[in-house]
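Engineer: Here is a sequence together with a model predicted from it:
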Amino acid sequence: MYSFCGHPRGVGIPSRRGWCHGRVRCSAFNFRRSGSPEHSERAHREVVLFLAQRELESAFQRLVNMEMYEEARQVASQQEKLQELASEELEGGGEEAGLGGIASLFKRKQDKGAGEAEVSQDDRKPKLDDGEVVVKLLSLRTDLQRAIDGEDYARASAVRDEILEIENEVERQKKASKDLAQREPKYSLGQCVVHWQDGWTGVVCGMQQEKRKKSVKNPDEGSVREVEELVYSYHVLPSSQYWKKRSSEGVCVALVDESELNAPQPPATWRSVHGSDPENFLIYHPYMYLLFYGQDGEGNYVPSKKLRDKYKKQRKDVYWNGGSSSEGEDA
């Protein structure tokens, strides 16, 4: 069903307003003089951890099928250790130059104690859900009434202050959640993309959300306030022809903001834009065959079931012969 080879279907070049088809050259873009992708240790670590977890799962299943239970227990122990590292990778973040793969995770584990001392006071506050807030407030109001009836005004004042603190915290969380608008990622797993400024091509193999502050102006009040927004960054496997110069340093995996990527807008597809140009149509990377099955009808890559499960994405079949797209589970 899927293939790693391409079919000619036309060429095109991306622009900020869309994609220029035919042999029109956009002044803002030049594939022949593209820059090199910037390697991200953070994104690389996550990909390496995922591949290691998948390999251990396969090894464990093979040993169980062969009734080699002692060896299977040893592999299970390795899985637990790797899961601990993966959990700390999610809690951590940032770049650590000079450290690659899993080695940097051990360093972060050693430095974890120092980092915990820097947790802010707001982060230490327990976050209650709606049900817990209602129960807590009812209990405090009962205590307040008892204190008033017993003429214990010092106790009543303390309980009242606690009620006000909880109510203010609830209002603050409501305001924060209102400002923090949820949205879906613009690009999907396996989608072929182009870096807007440097021109290199690659495929999305992961994504992450981050909170960032931005200034918003209120024209009615003439005021400016800071709000948080959710932005997406993508783990991208750049095609190897764009990072040959750094091949001696290891595999390149990029972490790119959503605003720095571009892709064909429907009805254009990666196949219709780059189908006749093998250099840009196919993505060459050492991890491609470990993470993807092949290309679909639009020229994007089909993520493996394990990769879809990691990001809780459903399977989507896109056929080149004009068949309709469908979603479902693996047989």
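Structural biologist: Received it, and whenever you're ready, just let me know what you need.

Engineer: measure residue 226 to residue 264 for me?
Structural biologist: For residue 226, the distance to residue 264 equals 35 Å [CB to CB, to the nearest Å]. C-beta: built from backbone N, CA, C; applies to glycine.

Engineer: So between these two, which is more surrounded?
Structural biologist: Taking other CB atoms under 10 Å, residue 226 and residue 264 do not tie; residue 264 has more neighbours (24 against 9).

Engineer: I figured that one was touching residue 275, is that so?
Structural biologist: No - under the criterion of CB atoms under 8 Å, residue 264 makes no contact with residue 275, lying 11.1 Å away.

Engineer: Please settle this for me: is residue 210 part of a strand?
Structural biologist: Yes - per DSSP: H, G, I helix; E, B strand; the rest coil, residue 210 lies within a strand segment.

Engineer: Look at it and say how many residues are nearby.
Structural biologist: 12.

Engineer: Only the buried residues of the longest helix along the chain, if you could.
Structural biologist: Using DSSP state H to define each element, the chain has its longest helix at helix 153-179. Within helix 153-179, the residues that qualify as buried are 156, 159-160, 163, counting by 16 or more other CB atoms under 10 Å.

Engineer: what phi and what psi does the backbone show at residue 194?
Structural biologist: When quoted as degrees, to the nearest 10, the phi and psi of residue 194 stand at phi -120, psi 140.

Engineer: could we number from 59 for the rest of this?
Structural biologist: New numbering, starting at 59: the last item is residue 252.

Engineer: thinking it is in contact with residue 320, fair?
Structural biologist: Yes - taking CB under 8 Å as the definition, residue 252 is a contact partner of residue 320 at 5.0 Å.

Engineer: Looking at those two, which one has more neighbours?
Structural biologist: Neighbours were counted for residue 252 and for residue 320 using other CB under 10 Å; residue 252 has more, 25 against 20.

Engineer: Show me what the more buried one bridges to in the sheet.
Structural biologist: Counting by DSSP bridges, residue 252 is bridged to residue 259, residue 320.

Engineer: Look up how far residue 337 lies from it.
Structural biologist: Distance of residue 252 to residue 337, computed by CB to CB: 13 Å.

Engineer: what does residue 139 give?
Structural biologist: In terms of CB to CB, residue 139 sits 42 Å off from residue 337.

Engineer: Low-confidence ranges, the chain, go.
Structural biologist: 59-92, 147-189, 233-240, 279, 302-307, 379-389 (pLDDT under 70).

Engineer: Could you list the domains of it?
Structural biologist: The chain is divided into the following domains under automatic domain parsing: 70-174+240-386, 179-237.

Engineer: For residue 246, which residues are in contact?
Structural biologist: By CB atoms under 8 Å, 6 or more residues apart in numbering, the residues touching residue 246 are 262, 358, 371.

Engineer: quick one: which of those is most hemmed in?
Structural biologist: residue 358 (26 neighbours).

Engineer: ok, now how distant is it from residue 283?
Structural biologist: Residue 358 is 40 Å from residue 283, by CB to CB.

Engineer: and if you look at residue 332?
Structural biologist: Separation of residue 332 from residue 283 (CB to CB) stands at 44 Å.

Engineer: Pick out whichever of these two has more residues nearby.
Structural biologist: Between residue 332 and residue 283, residue 332 has the larger neighbour count (other CB under 10 Å), namely 26 against 10.

Engineer: For that one, which non-adjacent residue is spatially closest?
Structural biologist: Spatially, and ignoring its direct neighbours in sequence, residue 332 is nearest to residue 339 (4.1 Å; CB to CB, 6 or more residues apart in numbering).

Engineer: Does the one you found touch residue 322 like I think?
Structural biologist: No - using CB under 8 Å, residue 339 is not in contact with residue 322; the gap is 11.8 Å.

Engineer: Between the two, which contacts overlap?
Structural biologist: Between them, residue 339 and residue 322 share these contacting residues under CB under 8 Å, 6+ apart: residue 328.

Engineer: Report the secondary structure state of residue 322.
Structural biologist: Residue 322 ends up coil, using three-state DSSP.

Engineer: Distance of it relative to residue 341?
Structural biologist: In terms of CB to CB, residue 322 sits 14 Å off from residue 341.

Engineer: Please apply the same query to residue 125.
Structural biologist: Distance, residue 125 to residue 341, by CB to CB: 41 Å.

Engineer: Strands of the protein, start to end?
Structural biologist: Per DSSP state E, the chain carries strands over the ranges 70-73, 76-79, 250-253, 259-276, 281-296, 312-315, 319-320, 350-353, 359-361, 373-375, 384-386.

Engineer: quick one, which of these is nearest to residue 225?
Structural biologist: Proximity to residue 225, assessed across these by CB to CB, is greatest for strand 281-296 (22.0 Å).

Engineer: Just the buried positions in that closest one, please.
Structural biologist: Result for strand 281-296 [16+ other CB under 10 Å]: buried residues 289-296.

Engineer: Would you mind telling me which of residue 125 and residue 341 has the busier surroundings?
Structural biologist: In this view residue 125 and residue 341 are compared by other CB under 10 Å, and residue 341 has more residues nearby, 25 against 7.

Engineer: mind listing what the more buried one touches?
Structural biologist: Listed by CB under 8 Å, 6+ apart, the contact set of residue 341 reads 250, 259-261, 295, 297, 359.
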